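Peer 1: Pasting the sequence and the predicted model now:
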Amino acid sequence: MSEPQSAPPVLDLDQSASAAAYEPVPVRDGEGGKAGRFWSVRRVPAGLLAVVVLGGAGLLLYDIAAVRADRPAMQWRRATAEHLAKWRLEEVGELACAGVVMLLGVGLIVLAVTPGLRALLPMRRDTPAVRAGLDRAAAALVLRDRAMEVSGVQSARVRMGRARVLVRAQSHFRELDDVRADLDSALATAIKELGLARPPALAVHVVRPPAKKR
């Protein structure tokens, strides 16, 4: 007969903090559906840009038509042309203006190629005709309520991200590792029940509440 294996060493549970990181909850075959992020309409930036472009183009076309009609160009165009003729590439003012214009252009490009609506998490699409999303604040509230149902949890804070959920809880009784294990199980189930298209990873931190000063 083979000799029985020795029991694993008992861990010291008299610790002030406990933390664990977990991978995303696995999705079974047939449960997942492809669902991309929601794109923001961005009416305000688009409207402001349209107004600026329309106003500038209209003013420029009016001035060009006036010059074609043998009338003098507007003062602002003559002053701008004279000012630009005196500028040099190494001048600080010209470089600053070019930098500002470049930053504005990069910002517009970022707005054009990114979906936006970071606060809205896409949910799993079981039906192609239905597309739904869940607000991150609402999802965080659901997970916080589920964490508060775990025995030993005095308070909990949940930070809901698109790829990761960070949970910080305080336990006033029970061993920290036991509380963390129960939080892991309860929150993993809660994340799965949210029905997100991409279930985020879970990180749980459990600590003792700070000692009260006498």
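Peer 2: Perfect, I can see it now. Numbering: from 1, shown residues only.
Peer 1: So this protein: which segments form each domain?
Peer 2: The chain is divided into the following domains under automatic domain parsing: 17-26+119-207, 43-113.
Peer 1: mean pLDDT for the ones you listed: which is lowest?
Peer 2: The minimum mean pLDDT among these belongs to domain 43-113 (a mean of 83).
Peer 1: which one's the longest helix in this protein?
Peer 2: When the chain is parsed with DSSP state H, its longest helix is helix 43-68.
Peer 1: Skip the chain neighbours and tell me the closest residue to V153.
Peer 2: A169 (5.1 Å; Cβ to Cβ, 6 or more residues apart in numbering). All C-beta spots, glycine's among them, are computed from the backbone N, C-alpha and C.
Peer 1: hey, where'd the strands end up in the chain?
Peer 2: 17-22, 120-122, 133-135, 153-160, 164-171, 201-207 (DSSP state E).
Peer 1: Partner strands of the fifth one, with direction?
Peer 2: For strand 164-171, sheet partners with direction are given as strand 153-160 (antiparallel), strand 201-207 (parallel), following DSSP bridges.
Peer 1: got the buried residues for the longest one?
Peer 2: Burial within strand 153-160, assessed by neighbour count using 16 or more other Cβ atoms under 10 Å, is assigned to V153, A156, V158, M160.
Peer 1: which parts of the longest helix of the chain are buried?
Peer 2: Applying 16+ other Cβ under 10 Å to helix 43-68 flags D63 as buried.
Peer 1: so what's the backbone phi/psi at R118?
Peer 2: phi -70, psi -20 (degrees, to the nearest 10).
Peer 1: Tell me the pLDDT of it.
Peer 2: At R118, the pLDDT value in this model is 79.
Peer 1: Pick out the residue closest to the middle of the chain.
Peer 2: The residue lying closest to the centre of the chain (Cα atoms, centre = their mean) is R118, at 4.5 Å.
Peer 1: how near is E91 to R77?
Peer 2: 21 Å (Cβ to Cβ, to the nearest Å).
Peer 1: of the two, who's got more company?
Peer 2: Using other Cβ atoms under 10 Å as the criterion, E91 and R77 rank with R77 on top: 16 against 11.
Peer 1: Look up the closest residue to that one, ignoring the ones flanking it.
Peer 2: Here the nearest residue to R77 in space, its sequence neighbours aside, is D63; by Cβ to Cβ, 6+ apart that works out to 5.6 Å.
Peer 1: how close does that neighbour sit to V53?
Peer 2: 16 Å.
Peer 1: picking that back up, ok, the residue nearest to the centre of the chain - contacts?
Peer 2: Residues in contact with R118 (Cβ atoms under 8 Å, 6 or more residues apart in numbering) are R136, R162.
Peer 1: Quick check: it vs R37, distance?
Peer 2: 8 Å.
Peer 1: so what sits against both of the two?
Peer 2: Where contact means Cβ under 8 Å, 6+ apart, no residue is in contact with each of R118 and R37.
Peer 1: Now find how far off-centre stretch 68-80 is within its chain.
Peer 2: Chain-centre distance of stretch 68-80: 49 Å, with Cα atoms, centre = their mean, to the nearest Å.
Peer 1: typed the wrong thing, it's stretch 155-172
Peer 2: 16 Å.
Peer 1: So what touches that stretch?
Peer 2: For stretch 155-172, the surrounding residues in contact (Cβ under 8 Å, 6+ apart) are 118, 121, 136-137, 139-141, 143-144, 147-148, 150, 152-154, 179, 183, 187, 191, 198, 200-209.
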